[in-house]
Each structure stands twice: as structure tokens, then as C-alpha cells.
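J.: Need coordinates for the following:
(one chain, ligands or ions: 2)
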Amino acid sequence: MSTVPQSAVHSAQRIVIKVGSSLVTNNGKGLDNTAIRQWAAQIAALRKQNKQVVLVSSGSVAEGMARLNWHTRPKAMNELQAAAAIGQMGLIQAYETAFHEHNICAAQILLTHEDLADRERYLNARSTLFTLLDLGVIPIVNENDTVVTDEIRLGDNDTLGALVTNLIEADVLIILTDQSGLYDSDPRKNPQAKLISVATAGDPALEEMAGGAGSNIGTGGMATKVLAAKRAANSGAHTVIASGREINVLERLSQGESIGSELRASVAVRSARKQWLADHLRLRGQITLDEGALKALTLQGKSLLPVGVIHVNGEFERGDVVACLDENNVEYARGLINYSSSDTRRIMRQPTHKIETILGSMTASELMHRNNMVVLRKFAKA
Ligand SMILES: Nc1ncnc2c1ncn2[C@@H]1O[C@H](COP(=O)(O)OP(=O)(O)O)[C@@H](O)[C@H]1O
Ligand SMILES: N[C@@H](CCC(=O)OP(=O)(O)O)C(=O)O
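T.: Numbers count the residues shown, from 1 in each chain. Ligands and ions are numbered 1, 2, ... in the order given. Model prediction:
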């Protein structure tokens, strides 16, 4: 009897789904509208179960090539970028139409490596994605191929899928591809290859199994998927690699069925976020909060508003990590701040509706959003 556990997708609330080029474009023959409509229908079903979904879709270059009647993938960057610009139009149009059938709004997000490396842009991308998810919209992400240069290109969307998983702290990354999952060797070359049902993300043995290159249409092969699982595990997310051609794959995974390969993270999402905020980003300043704000943050799970700040210490920029202290300099929380130190000094003690009049514009109504904050201790009156 097999003892394969229930799929992690079953209990996941926030999911990133990545679909590869060969799947989306029917092995490079042109957009597979039937498959796209089936995924949209399944994602609509996940949404009804209150799961939030971000879709990372490849296929712009492959679809651009199909539209240009190019049969071999160009090597020159400018040609790849031109193909991507053409193909992305069709890709988004296909998703837009497919989601429309379920009365779901879709949104296009094109990201580059720099967007995720720069603190402020990272924060912007993150808050846009959270806003879209709160609005019930399905964000469709791809790399902004037309502007990236060779050196900074992510290149494969497995890596992008993992970075988006980290960015929004998703519980699970599902990578849909043209194989049933990760095998112990490339099934195209070895018909005896065995499917790996469950493994630990980051296990070096997996990298060896996935050594081979990808299909002619896709870029990364299994190697980038295994590395993506390792990266997703950094923020506590599990990864499922499965065939996008499997009937109702997303809904069945959501029902707990074990399909494909599940590469499990060994740390929990919450502690991974804490770790990231607490250790990886340098503290740039401190703000002192009044009692009401300390209670709201640490006891009621609320965001920090400027009205609760009574003192600002240090110089920092929007997106920096700042500590929240009481009047005795005891730290209660830390997180990514939405305003620079000079702007924070101007809006502290003020009600939110005055931010725009004081600063001339309002980037965010909260000074620090609860999603971007880690509470370190609870407020208790001495
Ligand atoms: N150990 C392995 N298990 C499964 N597939 C493998 C393995 N090693 C290499 N591959 C190859 O990886 C391919 C999938 O990668 P790729 O073509 O980049 O797909 P996608 O476009 O979905 O990202 C498979 O078709 C397969 O030939
Ligand atoms: N941004 C590129 C993705 C490149 C790519 O081929 O990715 P993948 O098929 O996931 O290996 C595109 O949309 O064509």
C-alpha cells in the first residue's frame, strides 16, 4: 500500500501556479486555448474555495515565434524580445477571455529581476499583488522580456514563480509542465525512469536527477524546477510539479489527491517570514509608538497608522526595515515602512486623511502594513 500523504494544495490558502511554454503553446504550435480555458475553469473553482491564486505563465516567446512563423528559437536578444512583445499580447488576450467566462477579472504583471531586488519596487510589487488578490483578481505574471538585458534576465519562469511565491508568501507553488513530475532521470531519454512522489525541497540528490536540459520550447528543464522548489522553501512554501495535461489536475490537487511530485519545505511559512524580516534585512531606524498603537499592532493584528507614532529615530527610506518601540525603547515589532523618515516625521500623530494634504500625495494609508510586519512581543501594561 502506498503511503503518499495528502497534497499540500488541499490546505493551502495562497497558491502560485506556473505554466510552462510547451504546455501553453501546444509544443510551440500556437496558443492552446482549450488548455487555457480548462486551467481558468479550475482556477475559478479554487477561488470558490477561497484560495487566492497568482498565475505565472510562460509562452510569450513561443507564441511570438508561432505568430512570426519562426521555427527555431532565435539566439539574438533583440529577436527574442521582439517575439516576446508579440506573443505576450496573445497570451494575455487568451487568459482574459478564459477568465471572463467565469466573471473573473485578470491583471497583467510584468516583472524583472531588478523589481524584486530593489526594496522599494519589491514593496510596490508586493502591495499591488496583495491588492489584486484582495479584489478577487487573478494576477498573471511573466518576466518583462522586452526590457531585460542578458545579464539580468531570469530567463526561465520557474525561478520567477519561486520569487513570486517568496514575494507574496504563498503556501504552495504548483509547477505545471509537460511531464508527470520529477523522475529519477529524464523520462524522454530513459523509459524506465521512476516518478518521485514526495521528497524534501533542497535535497541535493534531486538536482542530480534533474540534470538534463528542457524541451525545445521551454528553457529550464527540470533543473530550474528543482531549484525553484528549493527557493520557494526559503519562505516555507511546498512545491508540486505535475502535468498540466492531467485532467482537472488543479482541482484534484486541491481535493488532496497526490499527483506528480511534491517537494516539501522543512520550515513553516510564518517562521520563514519572521526569519527573513528579523535576520536578512538591516534595521534602518526606530519609531516610538503610543499605547494605543502598540495594542492595535500586537494584540489586534492591525496595521500601523501615522497617528500612533510619537517619535522617529534615524534616517530611512520607504521599504526599509524599521523597529517599533515603546517609550522605554523596548521593541515590539519590526517591518517594512511605507514612508521615509522625513515624511514619517511630518505625518506622525496625524490622522490618515491628512497624509495627502501634508505630503502632497498618499502612497499608502498605513505607515506599516500588517502583512509586512513581524510582532515580536505582545503589549501588556506594567
Ligand atoms: N528528471 C527529470 N524528470 C522529468 N523531466 C526531466 C528530467 N530531467 C529533464 N527533464 C526534462 O524537462 C522537461 C520539462 O522542462 P521544460 O521543457 O523547461 O518545461 P516547461 O516549459 O514546462 O518549463 C521535460 O520535458 C523533460 O524532458
Ligand atoms: N518569459 C519567457 C519564459 C521563458 C520560458 O521558456 O520559460 P519556461 O517555459 O517556463 O521554461 C516567455 O514567456 O517566453
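
J.: Now do the strands in the protein.
T.: 14-19, 52-57, 106-111, 138-143, 172-177, 198-200, 238-243, 261-264, 283-289, 309-313, 321-325, 331-336, 373-375 (DSSP state E).

J.: Residues in contact with stretch 241-257: which ones?
T.: Applying Cβ atoms under 8 Å, 6 or more residues apart in numbering, the external contacts of stretch 241-257 come out as 6-7, 9-10, 17, 19-20, 23, 35, 39, 42-43, 45-46, 49, 51, 174-182, 222, 225, 229, 240, 259-261, 263. Using the backbone N, CA and C atoms, a C-beta is placed for each residue, glycine as well.

J.: change it to 7 Å
T.: By Cβ atoms under 7 Å, 6 or more residues apart in numbering, the residues outside stretch 241-257 that reach it are 6-7, 9-10, 17, 19, 23, 35, 39, 42-43, 45-46, 49, 51, 174-182, 225, 240, 259-261.

J.: out of the strands of the chain, nearest to ligand 2?
T.: In terms of Cβ to the nearest ligand atom, the element of these nearest to ligand 2 is strand 138-143, at 4.2 Å.

J.: Report the rounded mean pLDDT for stretch 305-320.
T.: Mean pLDDT, computed over stretch 305-320, is 94.

J.: Can you measure across that stretch, start residue to end residue?
T.: From its first residue to its last, stretch 305-320 covers 17 Å (Cα to Cα, to the nearest Å).

J.: what separates it from the chain centre, distance-wise?
T.: 27 Å (Cα atoms, centre = their mean, to the nearest Å).

J.: Contacts for that stretch next, please.
T.: 119-120, 122-123, 284-290, 292-293, 296, 322, 336-341, 344-345, 347-352, 355, 363, 366-367.

J.: What of stretch 42-50?
T.: Here stretch 42-50 makes contact (Cβ under 7 Å, 6+ apart) with 53, 55, 102, 104, 138, 248, 250, 251, 254.

J.: pLDDT below threshold where in the stretch 251-382 of the chain?
T.: Residues of the stretch 251-382 of the chain meeting the criterion pLDDT under 70: 268-282, 382.

J.: For it, give the residue positioned nearest to ligand 1.
T.: Counting by Cβ to the nearest ligand atom, the stretch 251-382 of the chain gets nearest ligand 1 through residue 261, at 8.4 Å.

J.: surely that residue meets residue 197?
T.: Yes - the criterion here is Cβ atoms under 7 Å, and residue 261 meets it with residue 197 at 6.3 Å.

J.: Among the two, which residue is more densely surrounded?
T.: Higher neighbour count among residue 261 and residue 197: residue 261, with 25 against 16, using other Cβ atoms under 10 Å.

J.: per-residue pLDDT, the closest residue in space to that one that isn't next to it in sequence?
T.: Spatial nearest neighbour of residue 261, chain neighbours left out: residue 181 (3.6 Å); criterion: Cβ to Cβ, 6 or more residues apart in numbering. Residue 181 is assigned 96 on the pLDDT scale.

J.: Can you report how many residues lie near residue 79?
T.: 16.

J.: And the one 3 residues further on, by the same measure?
T.: Per other Cβ under 10 Å, the neighbour tally for residue 82 reads 17.

J.: what ranges do the helices span in this protein?
T.: Taking DSSP state H as the test, the helices found in the chain are 21-24, 33-48, 60-68, 77-100, 113-117, 119-134, 157-167, 204-209, 221-233, 249-254, 269-275, 291-299, 341-347, 355-359.

J.: Residue 86 touches residue 69, doesn't it?
T.: No - taking contacts as Cβ under 7 Å, residue 86 lies outside contact range of residue 69: 11.3 Å.

J.: more neighbours, the two?
T.: Using other Cβ under 10 Å, the more surrounded residue of residue 86 and residue 69 is residue 86, with 19 against 6.

J.: how about the residues of the stretch 1-150 of the chain near ligand 2?
T.: Counting by Cβ under 6 Å from any ligand atom, the stretch 1-150 of the chain comes close to ligand 2 at 20, 21, 58, 59, 60, 61, 62, 84, 142, 143, 145.

J.: Please name the residues that touch the closest residue to the last one other than its chain neighbours.
T.: Among residues not flanking residue 145 along the chain, residue 84 sits closest, at 3.5 Å (Cβ to Cβ, 6+ apart). Contact analysis of residue 84 by Cβ under 7 Å, 6+ apart lists 60, 61, 64, 145, 146.

J.: Leaving out chain neighbours, which residue sits closest to residue 83?
T.: Spatial nearest neighbour of residue 83, chain neighbours left out: residue 64 (3.1 Å); criterion: Cβ to Cβ, 6+ apart.
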